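Asker: Compute the structure for the input listed below.
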Amino acid sequence: MQSMLTGARRRAPNFLVAAVALALGASSARAQGSYRVIVNPSNPVSTLSKQEASALFLKKKPKWQSGAAVMPVDLSEDAAAREAFSREVLGKPTNAVKAFWQQMIFSGRNVPPPERRTDDEIIAYVRSTPGAIGYVSASAQPSGVKVVTIGG
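Answerer: Predicted coordinates for the structure are as follows:
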């Protein structure tokens, strides 16, 4: 009987690890499916890594390869797509990104991207601004802009 209990105890942690990994994978898939990254239609970029996208949105990379200025735009803080984008691409929750920008402002190094309240406002900004990059909810209809694939 004792050996059966010991075997069950050994299997339980493996089952728990598998369940947690499965839950985290499902959470990541939901996050990726909850927003789309868009750029101005004149931009030749069609794919970005998460690191590249993060550098563009955090203004660590101020120019596109073409030499054009990067003009990122964010959805408002309460948007679900912003939280998903912040966690998935920037690697931190929206409140941590906000703290990053407060530190940048306080030190005089940079200011955050402008914010727009709706997907339609983001689309209009990106469509009319050369060098612009933004994100919208997955349900948005991004006409007049180019959807960019974000890779690992």
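Asker: As a check, name the ranges of all strands in this structure.
Answerer: Secondary structure of the chain (DSSP state E): strands located at 35-39, 47-49, 71-72, 74-75, 115-116, 132-137, 146-151.
Asker: burial measure for Val89, as a count.
Answerer: 24 (other CB atoms under 10 Å). The way it works is simple: take the backbone N, C-alpha and C, and place the C-beta from them, glycine included.
Asker: Could you double-check that it sits in contact with Ala55?
Answerer: No. With contact defined as CB atoms under 8 Å, Val89 does not reach Ala55; the gap is 10.2 Å.
Asker: What does the pLDDT read for Gly152?
Answerer: For Gly152, the model assigns a pLDDT of 76.
Asker: what about the residue nearest to Ser143 when sequence neighbours are not counted, how many neighbours?
Answerer: In this structure, Ser143 finds its nearest non-sequential neighbour in Ile123, 7.3 Å apart by CB to CB, 6 or more residues apart in numbering. Around Ile123 sit 21 other residues, with neighbours defined as other CB under 10 Å.
Asker: Kindly report the same for Lys60.
Answerer: 11.
Asker: For it, give me the pLDDT.
Answerer: 97.
Asker: Contacts only, for Thr118.
Answerer: Counting by CB atoms under 8 Å, 6 or more residues apart in numbering, Thr118 touches Leu75.
Asker: Tell me the predicted confidence for it.
Answerer: We have a pLDDT of 98 for Thr118.
Asker: How about Gly144, nearest residue that isn't a chain neighbour?
Answerer: Gly144's closest residue in space is Arg127 (CB to CB, 6+ apart), at 4.3 Å.
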